[in-house]
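[1] Return a 3D structure for these sequence lines:
(one chain, ligands or ions: 1)
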Amino acid sequence: MKKSLIAGNWKMYKTPGESVDFLKKLAMETVKYNDREVLVCPPFTSLYPAAEILKDAPVSLGAQNVHTEKEGAFTGEISPAMLRDSGVEYVICGHSERRNIFGENDSTVNGKVRISSEYGMSPILCVGEKIEERKAGKTFDVIRSQVENGLSGYDRPDMLVVAYEPVWAIGTGLTATPEQAQEVHLFIRQMLSNLYGRELSMAVRILYGGSVKPENVNSLMRQDDIDGALVGGASLKLDSFMGIVNYS
Ligand code: PGA
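    Presented below is the predicted three-dimensional model:
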């Protein structure tokens, strides 16, 4: 059975010291689940100490970004080998904050997805429409082009995770209704099925993200094509994150 994935995206929060404190507690609280996987994506400076703490814990480690090149004169960037060697197993690619604040486009995101897999890390391809796009009835067009371009030439569906994060739901307290989310997840699943065949598409985990909290996680997780959550704000506190991890 495919395990669900509950992922915390810490964004630019927590120093290495704060991360270590948090993860020691998280490692104690998390048990080995048969049906779900727990993942944290701390800032770069926390990855190395995080890997050490999580070594024997059933918690996976992810990064929030990666550069598209193997190495080179790219001041301020981080390479896939640096992440891999720090114990990273997943990489968030094309988060809407990267796209909208730092100008990443689909082709950059595609490069990140591809290089992550080349280095043995699972890419989490993030897609999602803005509020004006939803209001204009363009949600499916936006998702189609982000998925198609993000996965252009990509041939490792076995490693892939996709996250649907409507931009209007991120950090706003507004959540897509379970039905709104399911509709887009199903659409993504059908696209994956066209790209990789039905069996492989069923194995890809499609996460929902955008103001996921302990109060709304159960109804989201009950949807057929929602295989997990990408959690921002609520992943920063142990009790709210555990409330999501322990969804029923
Ligand atoms: P949020 O963020 O849970 O704070 O809305 C989600 C995300 O950006 O991945």
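[2] okay, now the residue in the chain positioned nearest to the ligand: neighbour count?
    In the chain, the residue that lies nearest the ligand is residue 232 (2.3 Å; CB to the nearest ligand atom). Every residue, glycine included, has its C-beta placed from N, CA and C. Counted with other CB atoms under 10 Å, residues neighbouring residue 232 total 22.
[3] pretty sure it is touching residue 7, no?
    No: Residue 232 is beyond contact range of residue 7, at 10.0 Å (criterion: CB atoms under 8 Å).
[4] picking up where we left off before, how about the residue of the chain closest to the ligand, nearest residue that isn't a chain neighbour?
    Using CB to CB, 6 or more residues apart in numbering and skipping the chain neighbours, the partner closest in space to residue 232 is residue 9 (5.2 Å).
[5] what's the spacing between the one you found and residue 199?
    29 Å (CB to CB, to the nearest Å).
[6] same question, residue 125
    20 Å.
[7] More neighbours: these two, which one.
    With other CB under 10 Å as the criterion, residue 125 and residue 199 differ in neighbour count, and residue 125 comes out ahead with 27 against 9.
[8] The more buried one belongs to a strand?
    Yes: counting by DSSP: H, G, I helix; E, B strand; the rest coil, residue 125 is part of a strand.
[9] Check whether it really touches residue 159, as I assumed.
    No: in this structure residue 125 lies outside contact range of residue 159 using CB under 8 Å: 10.9 Å.
[10] so who does the most far-flung residue of the chain relative to its centre touch?
    Farthest-out residue of the chain from its mean C-alpha position, per CA atoms, centre = their mean: residue 73, at 27.8 Å. Applying CB atoms under 8 Å, 6 or more residues apart in numbering to residue 73 gives no contacts.
[11] Can you check the pLDDT for it?
    Note on residue 73: pLDDT of 98.
[12] what's near enough to touch residue 196?
    157, 204 are the contacts of residue 196 under CB under 8 Å, 6+ apart.
[13] Show me what from this protein comes close to the ligand.
    9, 165, 170-171, 209-212, 230-234 (CB under 6 Å from any ligand atom).
[14] if you set the cut-off to 8 Å instead, what comes out?
    Contact residues, the chain versus the ligand (CB under 8 Å from any ligand atom): 9, 11, 92, 95-97, 126, 163, 165, 169-172, 209-213, 230-235.
[15] Among these, which ones are in strands?
    Using DSSP state E, the members of the residues of the chain next to the ligand that fall within strands are 9, 92, 126, 163, 209, 230-231.
[16] Lovely, talk soon.
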